[in-house]
Structure formats: C-alpha cells, structure tokens
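[1] After the sequence you'll find the predicted model.
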Amino acid sequence: MGFGDLRSATGLKVLNDFLSDKSYIEGLPGVKKPLGKYGPVDIDDTTTQGAAAAAAKDDDDDDIDLFGSDEEEEESDAAKKLREERLAQYESKKSKKPALIAKSSILLDVKPWDDETDMAKLEECVRSIQLDGLVWGGSKLVPVGYGIKKLQIQCVVEDDKVGTDLLEEKITAFEDFVQSMDVAAFNKI
C-alpha cells in the first residue's frame, strides 16, 4: 500500500499514523523495496514480507558460527608432539630464571645513653652484627641536643631473611652503648 504522496496532507497523515507506534520505517538491511511497499501493509503484503523475513533468517543461519561448535577438531600427532615440546622448553626456560629477591633499604637511628657514650665504639658494635641478607651502608652522627649525638646508619636487607624486629633485638643487645633504636626510613628496593 505505501504512504502515498508525502507532499499531500493525506500522505503525511498516513506517515504520521504509521510512525505513532513505531520508531522507524522498517526494511531489511541491504534489500531495497519498491517505494509503494514501505509504510502500512495490506494483508496480502504481510504474508509476502513474512516469507521474505523467514528466508533472510534462514540465510543468516548458514553464516560462520562465531561461538564455535561442540565438534572439536582432532589434532594430529605431530601437532601434539610439537605443542608438548614447546611447553617443555618454556617450563625449562622459566625454571632457569632467578627468583626475584625482595630487598629493602632501611635507615636506622641508634640513640646512645648520654653524651659520654663512645660513638665510635657504638658504631663498631652495630656493624659487628653479621646476618645472611644484611649489608651495612654509610653512617653519620646527627646532633640531638645538649651535646648528644645519635648514630644514623643505612643498611640493605633481604625481606625474607632479616626483619626490623630482628635488627632491633640485635642492636639493643649492646646495653652499655645503646639506649634505643628507631627506623627513620624504610624503602622497598
């Protein structure tokens, strides 16, 4: 039936009535219809359009199966062997890589009892602590007040082997020289 002449009032009324319950003028993608076939449909046209839509749907079913099918293709023996060899090579290469060792850089503040404490001897005592995974770095004396200086010393530790609690226990064991110890800075490397 179609819309008729859209330049006339009756043609515009038919178009307006048609679009009152639809958001667009239908049509199959890529399939042109004659101009008179767009718009309200006669009963005879309905059966023709239904058959065309069913035919188009059947054509869509023949397309590529994008989601895969339940049928699996069998791999050849050569492909299976090649795959297993490559997996074995990957595993051996992966096992040869050294494991990443987590390390931390720690700045310690070691405080003496008073201004009469021998700071050279205090530093010697601290550096005498030898642990697996502990490396001592630079140090300096920092004034605290009233002539008292604290020892600020750098060390690098492996996180799995040496902890700050262990360091504090070992350093404060020198009771004659060390009053307390604090962690001034702790950075992961």
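    Done, it's in. Numbers count the residues shown, from 1 in each chain.
[2] wait, what's in contact with the closest residue to Phe177 other than its chain neighbours?
    Spatial nearest neighbour of Phe177, excluding adjacent residues (CB to CB, 6 or more residues apart in numbering): Leu122 at 4.2 Å. Where you see a C-beta, it was placed from the backbone N, CA and C, and this is true even at glycine. Residues near Leu122 by CB atoms under 8 Å, 6 or more residues apart in numbering: Val110, Pro112, Leu151, Phe174, Phe177, Val178.
[3] Show the pLDDT at Leu122.
    Note for Leu122: predicted pLDDT of 94.
[4] Likewise for the one 3 residues further on?
    Listed pLDDT for Cys125 reads 94.
[5] Am I right that it falls within a helix?
    Yes - under DSSP: H, G, I helix; E, B strand; the rest coil, Cys125 falls within a helix.
[6] check which helix or strand covers the residue lying closest to it once chain neighbours are set aside.
    Nearest non-adjacent residue to Cys125, counting by CB to CB, 6+ apart: Phe174, 4.4 Å away. Per DSSP states H and E, Phe174 falls between elements, in no helix or strand.
[7] Number of residues surrounding Phe174?
    17 (other CB atoms under 10 Å).
[8] so what pLDDT did it get?
    Per the predicted model, pLDDT is 94 at Phe174.
[9] so Lys111 makes contact with Phe174?
    No - counting by CB atoms under 8 Å, Lys111 does not reach Phe174; the two are 12.0 Å apart.
[10] Among the contacts of Leu122, which are located in strands?
    Under the assignment DSSP state E, the contacts of Leu122 contribute Val110, Pro112, Leu151, Val178 to strands.
[11] so can I have TSV of the residues you listed showing pLDDT and neighbour count?
    Shown next, in TSV, are those (pLDDT from 0 to 100; neighbours: other CB atoms under 10 Å):
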residue	pLDDT	neighbour count
Val110	95	24
Pro112	95	22
Leu151	95	24
Val178	94	20
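[12] Could you identify the most distant pair in those?
    Across the ones in strands among the contacts of Leu122, the longest distance by CB to CB is 8.9 Å; it joins Leu151 and Val178.
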